[in-house]
Structure formats: structure tokens, C-alpha cells
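Asker: For reference, the sequence and a predicted model appear below.
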Amino acid sequence: MKRIYNILLSLACILMLASCENFLDMAPTNQADSSTCLTSAQDAQVMLNGLIYNLTSANYYGRNFLLYGDAKGGDMTIYTGGNPGDALYYFNHSASSGSYSGFWSTGYFCLLQANNIIANIEKMKEEGTTENLDDYLGQALTIRALIHFDLVRLYGKPYDMDKSSVGIPVVTAQVNAAEKLQRDPVEKAYTQIVADLNEAATLLSKRASRGYVNYYANQMLLGKVYQYMGNQSSALAAFENVINSNVYTLYTPNNWVNSWTGEFGSESILEFGIYPSERDLGTGSLGCYYMRKGHINAANGNFYASKYWMDIMGENDVRWGVMDWDHYYNDSSVSDNIRARSHYGKDCCYKYSGSTKLAGDKGSSNYTAVNIKVFRLSEAYLLAAEAALAGNNAAKAADYLNAIAKRNPDYTPWTASTVTAEEIYKEYRREFLCEGKLFFEACRLNKTLTFEDNAYYGATVSSRRGLTIDRNNNLCRLPISIDEIHTNPDIQQNPGYSGTE
């Protein structure tokens with residue numbers, strides 16, 4: 001694996017040309033000097049396109065980062081062992097095996113790109129450019145904050161658990177390749193994230209943006225960061241900036257299922273484009289990891305919804321519409337007790353295939369190149385409900401919760417006297433299965449997660465985490481990989497992992 005400090009600065013100038021039909025057409029070059037390759041707004045757009053393209057790597061938002069949040073979140077189980085992603089589900093990590101070091105190397109490479117954009121734009125401003133570069137600067141600052149936020153949640157303890165504990169190297173400038181950066185405290189990462197987001201908020205467009213960061217994506221991230229810091233009042237203000245803007249609208253119960261068959265829907269605040277010629281992982285895509293075993297020849301049935309998730313779903317909830325039956329329940333060789341644990345039986349999630357019929361999201365039936373939904377409006381409503389309840393405004397919390405809960409036509413509306421934090425959390429679980437969020441939220445809320453490792457006859461019980469885990473377990477943070485330790489020997493390893501195992 002490449003170390004974060006050995007990547008040539010000039011690679012930040014990867015040239016991407018935006019296409020009318022596709023999100024990006026890549027034309028890479030490593031010939032430019034990073035200190036001079038941005039001299040115009042057009043250059044800034046090219047560099048921003050390159051940055052977003054790298055965010056959609058399989059090692060990051062293109063697959064593994066979402067898979068991390070799902071596989072570890074307690075609402076997924078596995079059919080059998082031996083498939084890609086098992087190490088995430090079983091928490092089977094060490095410095096030398098299953099470290100998922102791609103999070104680290106890809107994250108810091110993207111930080112390098114973001115910092116180059118920021119530094120070059122600031123230099124142009126100092127030199128008196130007449131071009132308006134504010135939106136590009138705001139996007140780069142917000143993306144820098146997003147990457148730091150993701151990395152500190154992967155490698156550091158939750159803020160309210162121990163904010164003084166070791167987190168990640170906070171990198172806000174172009175880094176000399178000879179430097180061996182050390183890990184900063186968790187609190188320093190969050191302080192920098194908030195500073196970047198607040199600066200960016202004054203620069204960003206308030207128009208809906210297809211595939212790019214705007215003001216409302218910035219506010220979604222800011223609200224989430226404030227909640228991780230325990231600042232619910234500031235979080236609520238940020239979420240309501242999104243909700244009250246009227247730029248986005250919730251999907252109705254009737255159009256929620258079909259929303260997954262199209263790009264940039266009315267709820268989509270930040271969505272990264274995945275196209276057949278650009279980051280399409282084919283049978284290695286997120287959608288193929290989640291579809292039922294045997295749906296296509298390469299589908300191994302890697303991950304299934306757990307009984308714990310199915311048990312909180314209403315029988316007529318519209319969200320069953322993106323779930324499909326596992327045909328193995330109709331196999332006579334499967335025992336009745338295994339078949340019975342299926343509950344309603346629809347335990348295979350097809351959000352990232354577009355539909356259970358593999359419609360994709362671009363009208364072309366390409367079911368492996370489906371855009372990544374980073375922030376949706378429904379998340380703003382549910383997190384705002386939590387923040388409002390924490391601020392003793394139960395009536396507002398109930399209103400926000402009801403706006404999403406009505407996706408189950410049989411639900412009983414929540415009121416100020418009945419709404420609870422646990423019911424808001426359950427609704428979050430119903431809404432965001434397979435969107436890469438549940439493990440992170442469980443850690444933030446200090447939940448104990450229960451796994452059903454032996455739900456299927458081909459799976460085994462984890463010898464690493466047992467059947468339950470909470471954030472106090474060191475396995476809830478990834479190890480620093482052995483490759484990073486070899487080239488940066490003084491970097492501190494996470495507790496629970498030997499430095500060279």
C-alpha cells in the first residue's frame with residue numbers, strides 16, 4: 001500500500017473533463033506542478049472533479065466505506081463465510097491482515113488533493129485574481145472536513161467517549177514527503193472539521209447540485225458533526241437550515257421505492273456519480289454484495305438483513321419494496337427452523353441495484369453503476385427529531401419523526417407524549433439499511449449491537465467479538481496497517497492491536 005506521505009504532490013492535478021452524459025471522463029497526468037497547476041476557475045473545476053472521482057474509489061465511498069457501516073451495524077448478517085467483506089462483519093482485523101488500509105491511504109490521498117485546491121485558490125486570491133473561486137474553495141473545505149470526519153470515526157474513539165484520546169493526523173497543508181506525521185487527539189480533528197465547515201458555509205452555492213457539494217450538504221455534515229460532539233442545539237439549527245430551505249422534498253410513500261431507480265432525486269442532498277465507464281465495480285459492486293445468492297451468476301449472497309432489522313419493520317412498510325426474497329428459503333434442503341427465521345422473508349437489499357429487478361438508476365438497466373447517496377433529506381428529519389427531543393421540544397421531534405414513519409401505512413402517529421429517542425433510532429434503522437450509516441450511529445449513541453452469526457447453516461460464530469459488541473471494545477476502531485508502521489515507525493497503534501502483528 002502507498003503511504004500517505006509518499007504520494008507525489010503533482011498527482012493532485014489529475015485532469016478530469018466533465019461530460020454532458022457522464023459524471024467524469026478521466027484524462028490523468030502527473031506532469032503538473034501542484035503549486036502552479038491551478039490558475040483559473042476552469043482549473044479549479046478540473047481538480048475538484050479529480051478529487052470527487054477519487055472519493056468514489058472502491059476503498060472509500062465506491063464500496064468499502066459503506067460496507068463498513070453496514071456489516072458492523074448489527075442489522076446485517078451473512079449467509080456463509082469466505083466471501084469479500086467477512087472481516088468487517090466478524091471484526092477480524094489486525095495490523096497485517098484485514099486492516100482495510102485502503103481507508104487510510106485513499107483518505108489521505110484525497111486530503112492531499114483537497115489541500116492542493118485550497119492552497120492554490122488562496123494563493124490566487126492573495127495575488128488579486130478577479131475570478132470568483134468561492135464555490136470551489138467551499139467545496140474543497142467541506143470535502144476536507146468530510147474526509148477528516150470519516151477517518152476519525154474509523155480510527156479514533158467517539159468524541160464523547162474520550163476526546164483527548166489519539167485520533168488521526170490532521171492535515172491542512174501540503175505535506176513534505178519526508179515528514180512522518182503523528183496522530184492528533186480526537187478533539188483536534190473535530191475542531192478543524194467545524195472550522196472548515198463554518199468557513200465553507202459562507203462560500204457555497206444554495207442551489208441543488210448534481211454530484212457536487214453545496215451549502216446544504218455542508219449543513220448536513222455540520223449537523224452530524226455537532227451531534228457527535230454532543231451539541232444538539234447547534235445540530236438542530238444546521239438540520240433545519242436544510243429542512244426549511246424547501247430546496248429538497250421528501251419522497252412520498254408511493255414514490256419511495258422507485259426513487260432508487262433514478263439519479264439525483266428530490267431527497268438527494270449529496271450524491272456521488274458512479275457510471276459504467278467511471279468507477280463501475282461490476283460484480284464487485286455494493287449492489288452485488290447485497291443481492292440474494294444466485295440472482296446473477298456472481299452473486300454469493302454476502303450480506304442479508306438480520307432478524308433484528310426485520311423484527312422492527314411493519315408488515316406493509318413501503319420500504320420492503322427494495323428487499324427481495326432469498327430463494328434458498330424455498331430450497332427443500334434448508335431446514336424449517338432456518339427458513340422460519342426469515343420473518344417476512346425479504347432479507348436481501350437492492351437499493352444499490354436500483355430495484356429488485358436490477359433496474360439501475362440511469363434508465364439503462366446497469367445495476368452495478370448506481371450513484372452513492374451520501375446525504376438524503378430523510379436523514380435530516382430523523383436527526384433533527386433526535387436533536388429536538390434532546391432539547392425538550394418533543395412536539396417538534398414527533399412531527400419530524402412522523403414525516404418518515406408514515407412510510408409504514410399502519411403506523412400510529414407519534415405525539416409529544418409518546419415520542420422517544422429509541423423510536424427515532426429504530427426509524428433511522430428502518431430507513432438507512434445498506435446505506436453505510438448504522439454502525440457509526442450505534443457507536444455515537446453508545447448502543448450494544450447483537451449479531452446473529454449462526455442464523456444460516458453456512459456461517460460461524462465470530463471468535464473475535466462474540467455475539468455482542470459495544471464501542472468500549474477496541475475492535476470498534478481499525479488498526480494502523482503494518483505498511484504504515486514500517487514507513488512511519490513512531491506512529492501510535494490503536495489499543496488492542498500489537499504494532500507488528
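Answerer: Right, received. Where do you want to start?

Asker: With adjacent residues omitted, what lies nearest to E431?
Answerer: Leaving aside its sequence neighbours, E431 sits nearest to S378 (Cβ to Cβ, 6 or more residues apart in numbering; 5.5 Å). The way it works is simple: take the backbone N, C-alpha and C, and place the C-beta from them, glycine included.

Asker: For E271, what are phi and psi?
Answerer: Main-chain torsions, E271, degrees, to the nearest 10: phi -140, psi 120.

Asker: no wait, K406
Answerer: In terms of degrees, to the nearest 10, the main-chain angles of K406 are phi -70, psi 0.

Asker: what does G138 give?
Answerer: Backbone geometry at G138, expressed as degrees, to the nearest 10, gives phi -60, psi -40.

Asker: Now for the closest residue to it other than its chain neighbours: which residues touch it?
Answerer: Sequence neighbours aside, L203 is the residue nearest to G138 in space, at 3.3 Å (criterion: Cβ to Cβ, 6+ apart). For L203, the contacting residues are 134-135, 137-138, 141, by Cβ atoms under 8 Å, 6 or more residues apart in numbering.

Asker: tell me the SS of L222?
Answerer: helix (DSSP: H, G, I helix; E, B strand; the rest coil).

Asker: Find the nearest non-adjacent residue to N371, please.
Answerer: Nearest non-adjacent residue to N371, counting by Cβ to Cβ, 6+ apart: E271, 4.9 Å away.

Asker: now L51
Answerer: Nearest residue to L51 in three dimensions, chain neighbours excluded: Q113, at 4.5 Å (Cβ to Cβ, 6+ apart).

Asker: Next, count neighbours for the one you found.
Answerer: Neighbours of Q113 under the rule other Cβ atoms under 10 Å: 29.

Asker: Test my guess that it contacts I52.
Answerer: No. Q113 is beyond contact range of I52, at 9.6 Å (criterion: Cβ atoms under 8 Å).

Asker: Past the helix or strand where Y425 lies, which element shows up next along the chain?
Answerer: Taking DSSP states H and E as the definition, Y425 sits inside helix 421-432. Counting by DSSP H and E, the next helix or strand C-terminal to helix 421-432 is helix 438-444.

Asker: Only the C-alpha atoms, please, for that following helix, written as CSV.
Answerer: The C-alpha trace of helix 438-444 is given here as CSV (Å, rounded to 0.1, in the frame of the first residue of the first chain):
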residue,chain,number,x,y,z
LEU,A,438,-25.8,2.2,11.1
PHE,A,439,-22.5,1.2,12.9
PHE,A,440,-21.3,4.8,13.1
GLU,A,441,-24.6,5.9,14.6
ALA,A,442,-24.7,2.9,17.1
CYS,A,443,-21.2,4.0,18.3
ARG,A,444,-22.3,7.6,18.6
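
Asker: Can you verify T191 is assigned to a helix?
Answerer: Yes. According to three-state DSSP, T191 belongs to a helix.

Asker: quick one on the thing from earlier: now do the contacts for the residue nearest to N371.
Answerer: Per Cβ under 8 Å, 6+ apart, neighbours of E271: 210-211, 263-264, 371-374.

Asker: any idea how far T249 is from it?
Answerer: Taking Cβ to Cβ, to the nearest Å as the measure, E271 falls 15 Å from T249.

Asker: sorry, back to before: output the helix holding Y425 as CSV - backbone C-alpha positions only.
Answerer: The C-alpha trace of helix 421-432 is given here as CSV (Å, rounded to 0.1, in the frame of the first residue of the first chain):
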residue,chain,number,x,y,z
ALA,A,421,-35.2,8.5,21.4
GLU,A,422,-35.3,4.8,20.9
GLU,A,423,-38.2,5.0,18.4
ILE,A,424,-36.3,7.7,16.5
TYR,A,425,-33.3,5.3,16.4
LYS,A,426,-35.5,2.5,15.2
GLU,A,427,-36.9,4.6,12.4
TYR,A,428,-33.3,5.5,11.4
ARG,A,429,-32.5,1.8,11.2
ARG,A,430,-35.6,1.2,9.0
GLU,A,431,-34.7,4.0,6.6
PHE,A,432,-31.0,3.5,6.2
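
Asker: Please name every helix or strand in contact with that helix.
Answerer: Applying 3 or more Cβ pairs under 8 Å, 6 or more residues apart in numbering; DSSP states H and E, one finds that helix 421-432 makes contact with helix 377-390, helix 394-405, helix 438-444.

Asker: Could you check the angle that helix makes with helix 377-390?
Answerer: Our comparison of helix 421-432 with helix 377-390, counting by axes from the mean of the first three to the mean of the last three Cα atoms, to 10 degrees, yields an angle of 170 degrees.

Asker: from the middle of its chain, how far away would helix 421-432 be?
Answerer: Mean C-alpha position of helix 421-432 versus that of the full chain (Cα atoms, centre = their mean, to the nearest Å) differs by 17 Å.

Asker: What of stretch 129-141?
Answerer: With Cα atoms, centre = their mean, you get 25 Å for stretch 129-141.

Asker: So, low pLDDT: which residues of the chain?
Answerer: Low-confidence segments of the chain (pLDDT under 70): 1-36, 177, 326-345, 457-458, 499-501.

Asker: Show me which helix runs longest in this protein.
Answerer: Assignment by DSSP state H gives helix 102-126 as the longest helix of the chain.

Asker: Buried ones in that helix, by neighbour count?
Answerer: Residues 102-121, 124 are the ones in helix 102-126 that count as buried (16 or more other Cβ atoms under 10 Å).

Asker: what's the answer for stretch 402-412, then?
Answerer: By neighbour count, with 16+ other Cβ under 10 Å as the criterion, the buried positions of stretch 402-412 are 402-405, 407-408, 411.

Asker: Closest to M313 out of those residues?
Answerer: Nearest to M313 among the buried residues of stretch 402-412 is N408, at 7.7 Å by Cβ to Cβ.

Asker: could you list every residue that touches the closest one?
Answerer: Taking Cβ under 8 Å, 6+ apart as the criterion, N408 is in contact with 313-314, 316-319, 430.
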